[in-house]
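K.L.:
Following is a predicted model, sequence given first.
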Amino acid sequence: MRIPQHIAIIMDGNGRWAKARGLNRSMGHQEGVEAVRRITTACSNMGVKYLTLYTFSTENWNRPAPEVAALMQLILEAMEEEIFMKNNVRMRVIGDLSRVPENVLASIRHCEQRTSTNTGMTMVIALSYSSKWEITEAVRQIAREAAEGTRTIESIDETTIDRHLATSFMPDPDLLIRTGGELRLSNYLLWQLAYAEFYFTDTLWPDFDEPHLQAAIEEYNNRERRYGKTSEQVAE
Ligand code: IPE
Ligand code: IPE
Ligand code: MG
């Protein structure tokens, strides 16, 4: 089996998982953290190089304040250095961190720093992230460079844009997985997913485990990535 180098996941369905059990939505998020641990370990063992997890979107700031607070608290608690160290995982965060509470930000920065020399999988937390935010920031920066005269308009190409995105340190995802049954991207990695293979499943994120991940990778192996070419060209 070909293992995707980079897997991106939209972890959706925590609320419905909780509701189905008569529990508070926050309990669903708590169970979602367990799924993150399982899937991070599984991906790391399989040899996945990058795992990017949609943890909190910029639009999620519009949820009721108690749910936002519970999510931030969970993210804070999930920043356990030992778990990353045990798996030799490097942790990085992308997103509009100006909106993230100080204590959460501090624990994330601490983890990023402590794991920066780990040589295994890179786990990327997309927090207060949205693709339109990210692209807007990149455009601003490139425009600034042009205005300051450090680059010409003609020098701007796809690589320039790649390098100005928050994801500049990694290759584009090969496989996108969305749990929870919705068939949409919800403002996730719009530029980077240009040629990714998509896998949607009704399984709710707290129920997602290693066999589900295996099924997604098997399906990925049945896809032919043509990049605009013909099947015959790809077979050559
Ligand atoms: C995904 O689960 C987690 C976040 C968006 C933070 P949801 O909370 O969106 O769960 P559903 O979609 O309401 O079931
Ligand atoms: C997408 O889930 C964001 C994350 C998983 C963090 P949502 O549940 O917020 O997406 P929509 O609003 O249903 O599209
Ligand atoms: Mg949802």
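P.N.:
On my side now, so go ahead. Not measured: the values here are computed from a predicted model. Numbering: from 1, shown residues only. Ligands and ions are numbered 1, 2, ... in the order given.

K.L.:
how much space between the residue of the chain found nearest ligand 2 and ligand 1?
P.N.:
With C-beta to the nearest ligand atom as the measure, Ser186 is the residue of the chain nearest to ligand 2, at 3.6 Å. For the C-beta atoms, the positions are set from N, CA and C on the backbone; glycine is no exception. Note on Ser186: its distance to ligand 1, by C-beta to the nearest ligand atom, to the nearest Å, is 8 Å.

K.L.:
cool, and Tyr227?
P.N.:
Distance, Tyr227 to ligand 1, by C-beta to the nearest ligand atom: 31 Å.

K.L.:
Now the residue in the chain that ligand 1 sits nearest to: which helix or strand?
P.N.:
Closest to ligand 1 within the chain is Gly15: 2.7 Å, counting by C-beta to the nearest ligand atom. In the assignment (DSSP states H and E), Gly15 maps to helix 14-20.

K.L.:
what's in contact with the helix or strand just after that helix?
P.N.:
Downstream of helix 14-20, the next assigned helix or strand under DSSP H and E is helix 25-46. Residues from elsewhere that reach helix 25-46 (C-beta atoms under 8 Å, 6 or more residues apart in numbering): 3, 7, 9, 11, 13-19, 21, 51, 53, 66-67, 70-71, 74, 77-78, 83, 87-89, 120-121, 123, 205-210, 213, 217.

K.L.:
Output the contacting helices and strands for the next helix or strand after helix 25-46.
P.N.:
Going down the chain from helix 25-46, the next helix or strand is strand 50-57, by DSSP H and E. Under the contact definition 3 or more C-beta pairs under 8 Å, 6 or more residues apart in numbering; DSSP states H and E, strand 50-57 sits against strand 6-10, helix 25-46, helix 65-78, strand 122-129.
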